[in-house]
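Undergrad: the amino acid sequence is not available; the structure is as follows:
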């Protein structure tokens, strides 16, 4: 029967106790250090940042439509007043109201005739001007009267008629009365005086 040495047992116990104590210290150190770090992490101030939502830029506005190209209005052209003042024919009598309304001496318009005929002739030098009717002057009546008249073999006026009216009865009648103020020469045929028709114009107009 063997017995252990008490001194060896004491050494083993001491070594075992040392190892246990070392482990306890390590465990304690680990626990305390880790807990401290956790507390530090928990107690550390939290830094907060507000992240603003990035707003998308508004979409670009579509470019304005190009202006409509409209044709420029045509330049204003004032209306042209066309006045054709035809000169009186050779047998026209122009009646003009001046200080004293009067009619120019008539000029005979020869009618076309054959070689053996001569037309009646108005003696312009002996044809007085008819008076412009006062009522026509007040009413501002104007116009052209064309008369046809028959001249007898004795150079007198046998008949007359209005070929073209002035549009005013007073002027037409005044033109017919004007025939009595004229002297005519009868037309001839084969050298003999004969009746023949002639034409004469009276242009009645007022001076402005």
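TA: Sure thing, it's come through. In this text the structure is predicted, and so the values were computed from the model without any measurement.
Undergrad: three-state assignment of residue 69?
TA: coil (DSSP: H, G, I helix; E, B strand; the rest coil).
Undergrad: how near is residue 20 to residue 11?
TA: Remark: distance between residue 20 and residue 11 (Cβ to Cβ, to the nearest Å) = 15 Å. Backbone N, C-alpha and C define where each C-beta goes, glycine included.
Undergrad: Validate this expectation: residue 12 resides in a strand.
TA: No. Going by three-state DSSP, the assignment for residue 12 is helix, not a strand.
Undergrad: OK, contacts around it?
TA: Under the criterion of Cβ atoms under 8 Å, 6 or more residues apart in numbering, residue 12 has no neighbours.
Undergrad: tell me, what's the model's pLDDT at it?
TA: Reported pLDDT at residue 12 in the predicted model: 75.
Undergrad: equivalent analysis for residue 29, please.
TA: At residue 29, pLDDT is 68.
Undergrad: please apply the same query to residue 73.
TA: The model's pLDDT for residue 73 equals 68.
Undergrad: could you shift the numbering so residue one becomes 842, and keep it that way?
TA: Understood, numbering begins at 842; the last thing we discussed is residue 914.
Undergrad: measure the residue nearest to residue 1039 when sequence neighbours are not counted to residue 865 for me?
TA: If the residues on either side of it in the chain are set aside, residue 1039 comes closest to residue 961, at 4.6 Å by Cβ to Cβ, 6 or more residues apart in numbering. According to Cβ to Cβ, residue 961 stands 171 Å off from residue 865.
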